[in-house]
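Enquirer: What follows is a predicted protein model with its sequence.
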Amino acid sequence: MIMPVNLNEVLSSKNRFFIETWGCQMNELDSQRIAGKLMEVGFLPTSSPEDAKIIILNSCAVREKAESKAFSRLGEYKKLKKSKDVLIGFCGCVAQEVGKKAFREDIADFIVGPGRIEEIGDVVKKALKGERVVAVGFPDVRYYSFDTVVRDSSYKGIVTVIEGCNQKCTFCIVPFTRGKEVCRPIDSILAEVKYLVDRGFEEIELLGQTVNHWKDPSDEKKDFAYLLSKVASIEGVKRLRFITSYPRDFSDETIEVISKFGNICPYIHIPVQSGSNKILKRMGRLYTVEEYLSLIEKIKCAIPGVAISTDIIVGFPGEDEKDFEDTLSLVCEVGFSQLYAFIYSPRPYTAATKLKGRVDKAIAKERVNRLLEIQKRIQLSLNRRLIGEEKEVVITGWGKEVGQLSGRTRCHRVVNFPYPSRGGVKFGKSVKVVIEEAFPYSLKGKFVGYVS
Ligand code: SAH
Ligand code: F3S
């Protein structure tokens with residue numbers, strides 16, 4: 001059937017939505033889910049808030065700076081609302097955190113928390129009729145319609161395996177804003193991966209706050225190692241990754257599965273947070289430095305060439321110079337391929353806010369700079385070892401310089417290279433690149449051919 005299309009209708013801002021996203025990959029995916037749900041009820045995306053009837057702010061609460069940014073962005077949109085008929089929707093972790101309070105303060109027309117995204121189509125319909133809806137909290141039964149997700153890539157598909165988190169890291173607001181851990185049934189996960197592969201996706205990333213804590217809700221024996229092997233066995237999955245792993249839950253079986261399947265990327269993100277046992281204990285992290293290091297040793301032995309990345313919090317209450325130096329030694333000992341460093345930020349509801357021993361801001365800043373400087377040198381030296389090697393690179397976009405493409409190795413390293421004069425350019429395509437130059441945050445190479 002051919003549907004008559006009224007172009008003016010389609011192009012008018014009457015039925016356009018705009019989404020602004022802050023925060024982690026989980027939030028990115030949530031925005032893609034929101035987009036799908038809004039399209040289901042007849043809206044189309046726009047890249048400009050001025051052209052939209054619905055503006056969604058998908059917020060992040062993990063650090064104070066991100067949270068205050070959310071409120072300042074809402075302020076901007078409220079100004080726009082004065083001159084234009086627009087509905088403002090507040091989503092994400094800050095929306096969950098402030099809940100109904102946000103209405104009293106009149107900052108949004110509707111509020112949808114991360115646990116209620118599936119309902120956003122109905123919420124918007126009600127909001128259009130003038131109703132003010134607050135959909136926060138975490139329903140017992142969760143639906144996950146993966147076939148409506150508006151993916152931002154045609155070759156990399158992100159698949160949620162766990163929502164929420166059951167850990168009680170004393171600095172972290174996530175368990176409060178994303179609720180208790182809910183593992184998705186294996187059948188649903190595998191169905192999504194097959195669905196993506198059938199549509200040409202070659203890279204799959206399994207996502208969860210503690211992704212390796214996953215267990216099938218109806219059969220505890222099916223653990224993360226089992227899931228990983230099942231996903232890796234699906235024909236058409238060329239690169240498989242997973243984030244974020246919790247150190248204590250990293251089983252020997254998982255290491256074995258990674259070493260066995262050639263399509264599981266030798267790249268693992270395992271946040272350590274600190275290199276001091278005293279601080280790890282105060283953070284409520286359930287492992288010691290020694291246990292972490294022995295896990296890394298096991299991984300390195302079983303998976304040659306593996307790249308390990310991490311998160312570190314600097315300036316946690318009680319961290320003295322010696323604790324920080326212990327973190328530096330751990331960083332030097334492991335040799336992380338990438339490191340995300342954060343200055344501790346006190347968050348509402350979290351236990352760490354009651355801890356004594358606040359670290360002075362200037363000291364924390366000086367420590368984080370020192371850490372990043374050391375990490376920069378480590379990355380440069382690790383990257384230099386790759387000069388002369390041929391790497392399989394998936395093209396992810398344009399490079400920094402004109403005439404360059406950019407891509408990722410299987411270890412998730414960024415490689416820039418001049419694009420081939422023949423054969424065309426297709427994002428998501430795998431090519432062979434010989435590494436010629438190394439920098440701390442990227443590599444530069446020469447295109448030598450396509451991967452068939
Ligand atoms: N398991 C999660 C961690 C979520 S938060 C994941 O999937 O990534 C991401 C990182 O932010 C944490 O690993 C931690 O290093 C940092 N972080 C969390 N809370 C913080 C806080 N209050 N202050 C500073 N950094 C924080
Ligand atoms: Fe946060 Fe710790 Fe969970 S960092 S997301 S409470 S594992």
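Expert: That came through, no problem. Numbering: from 1, shown residues only. Ligands and ions are numbered 1, 2, ... in the order given.
Enquirer: Over to the residue in the stretch 101-250 of the chain positioned nearest to ligand 1: give its phi and psi.
Expert: Taking C-beta to the nearest ligand atom as the measure, the point where the stretch 101-250 of the chain comes nearest ligand 1 is T244, at 3.3 Å. (C-beta placed from N, C-alpha, C; glycine too.) The phi and psi values for T244, taken as degrees, to the nearest 10, are phi -110, psi 140.
Enquirer: Find the residue closest to it in space, skipping its chain neighbours.
Expert: H269 (5.4 Å; C-beta to C-beta, 6 or more residues apart in numbering).
Enquirer: G36 too?
Expert: Using C-beta to C-beta, 6+ apart and skipping the chain neighbours, the partner closest in space to G36 is T148 (3.4 Å).
Enquirer: ends of stretch 261-275, how far apart?
Expert: Distance between the boundary residues of stretch 261-275 (C-alpha to C-alpha, to the nearest Å) amounts to 31 Å.
Enquirer: Going by neighbour count, list what's buried in that stretch.
Expert: By neighbour count on 16 or more other C-beta atoms under 10 Å, the buried set for stretch 261-275 is 261, 263-275.
Enquirer: Just put the residues you listed in a markdown table and tack on distance to ligand 2, secondary structure and pLDDT.
Expert: Shown next, in a markdown table, are the buried residues of stretch 261-275 (distance: C-beta to the nearest ligand atom, whole Å; DSSP: H, G, I helix; E, B strand; the rest coil; pLDDT from 0 to 100):
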| residue | distance to ligand 2 | secondary structure | pLDDT |
| --- | --- | --- | --- |
| F261 | 26 | coil | 98 |
| N263 | 27 | coil | 97 |
| I264 | 22 | strand | 98 |
| C265 | 22 | coil | 98 |
| P266 | 23 | coil | 98 |
| Y267 | 19 | strand | 98 |
| I268 | 15 | strand | 98 |
| H269 | 12 | strand | 98 |
| I270 | 11 | coil | 98 |
| P271 | 7 | coil | 98 |
| V272 | 11 | coil | 98 |
| Q273 | 8 | strand | 98 |
| S274 | 12 | coil | 98 |
| G275 | 16 | coil | 98 |
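Enquirer: Those residues also near ligand 1: which ones?
Expert: Among the buried residues of stretch 261-275, the residues lying close to ligand 1 (C-beta under 6 Å from any ligand atom) are P271, Q273.
Enquirer: of the buried residues of stretch 261-275, closest to ligand 1?
Expert: P271 (4.0 Å).
Enquirer: Please report phi then psi for the closest one.
Expert: For P271, the backbone dihedrals (degrees, to the nearest 10) come out as phi -60, psi 130.
Enquirer: got a pLDDT number for the spatially closest residue to it that is not a sequence neighbour?
Expert: Closest residue to P271 apart from its sequence neighbours, by C-beta to C-beta, 6+ apart: D311 at 3.7 Å. We have a pLDDT of 98 for D311.
Enquirer: now for the top helix by length along the chain, which elements pack on it?
Expert: As assigned by DSSP state H, the longest helix anywhere in the chain is helix 361-384. If you count contacts as 3 or more C-beta pairs under 8 Å, 6 or more residues apart in numbering; DSSP states H and E, helix 361-384 packs onto strand 307-314, helix 321-334, strand 338-343, strand 430-438.
Enquirer: Between strand 307-314 and that helix, find me the angle.
Expert: Using axes from the mean of the first three to the mean of the last three C-alpha atoms, to 10 degrees, the inter-axis angle of helix 361-384 relative to strand 307-314 is 170 degrees.
Enquirer: my guess is the residue nearest to T244 contacts Y246, does it?
Expert: No - H269 is beyond contact range of Y246, at 10.7 Å (criterion: C-beta atoms under 8 Å).
Enquirer: Figure out the length between the terminal residues of stretch 243-256.
Expert: Separation of the first and last residues of stretch 243-256 by C-alpha to C-alpha is 17 Å.
Enquirer: meant to ask about stretch 353-365
Expert: 19 Å.
Enquirer: Residues touching it, excluding its own?
Expert: Stretch 353-365 has contacts (C-beta atoms under 8 Å, 6 or more residues apart in numbering) with T170, R282, V314, G315, F316, P317, G318, E319, I343, Y344, P346, R347.
Enquirer: What residues of stretch 89-107 count as buried?
Expert: Buried-residue list, stretch 89-107, by 16+ other C-beta under 10 Å: 89-98, 102-103, 107.
Enquirer: Save those as TSV, and put in distance to ligand 2, pLDDT and secondary structure too.
Expert: Converted to TSV, the buried residues of stretch 89-107 look like this (distance: C-beta to the nearest ligand atom, whole Å; pLDDT from 0 to 100; DSSP: H, G, I helix; E, B strand; the rest coil):
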residue	distance to ligand 2	pLDDT	secondary structure
G89	24	96	strand
F90	22	96	strand
C91	19	97	strand
G92	15	97	helix
C93	11	96	helix
V94	16	95	helix
A95	18	95	helix
Q96	14	95	helix
E97	14	91	helix
V98	19	88	helix
A102	23	71	helix
F103	27	70	helix
I107	26	77	coil
